[in-house]
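Asks: kindly return the folded structure for what I paste below:
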Amino acid sequence: MVVTVLSIIQVIACLFLIVTILLQKAPSQGMSGAIGGGQETFFGSNKATGIEAVLANLTKIFAIVFVVDSLFLVLLG
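Replies: Numbers count the residues shown, from 1 in each chain. Below is the predicted model:
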């Protein structure tokens with residue numbers, strides 16, 4: 001019973017994780033910006049705003065749920 005519920009949660013978290021990743025905006029510079037040292041850095045002021053911030057937070061949440069649920073399924077299996 002518990003394994004079935006965790007498996008359903010696993011599938012739902014997986015689907016939502018895929019959707020939130022696919023809805024995010026792709027980086028504009030690509031490899032040329034990584035090699036050439038573009039203006040956007042990890043600690044820079046280019047923070048996500050609006051829907052991009054919501055999608056980034058949802059991605060983090062669903063990734064955590066997915067990993068924790070995977071660990072519980074392994075321990076119970």
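Asks: so how many other residues sit close to Pro27?
Replies: 11 (other Cβ atoms under 10 Å). Any C-beta I mention is one placed from the backbone N, CA and C, and that applies to glycine too.
Asks: which strand or helix spans it?
Replies: Using DSSP states H and E, Pro27 is not contained in any helix or strand.
Asks: using CSV, write out the CA atom coordinates for stretch 53-63.
Replies: C-alpha atoms of stretch 53-63 as CSV (Å, rounded to 0.1, in the frame of the first residue of the first chain):
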residue,chain,number,x,y,z
ALA,A,53,11.4,32.7,-10.6
VAL,A,54,8.3,30.7,-10.0
LEU,A,55,9.3,28.0,-12.5
ALA,A,56,12.8,27.9,-11.0
ASN,A,57,11.4,27.4,-7.5
LEU,A,58,8.9,24.8,-8.6
THR,A,59,11.7,22.9,-10.3
LYS,A,60,13.7,22.9,-7.1
ILE,A,61,10.7,21.7,-5.1
PHE,A,62,9.8,18.9,-7.5
ALA,A,63,13.4,17.8,-7.8
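Asks: most centrally placed residue in the chain?
Replies: Nearest to the mean C-alpha position of the chain, by Cα atoms, centre = their mean, lies Thr59 at 3.2 Å.
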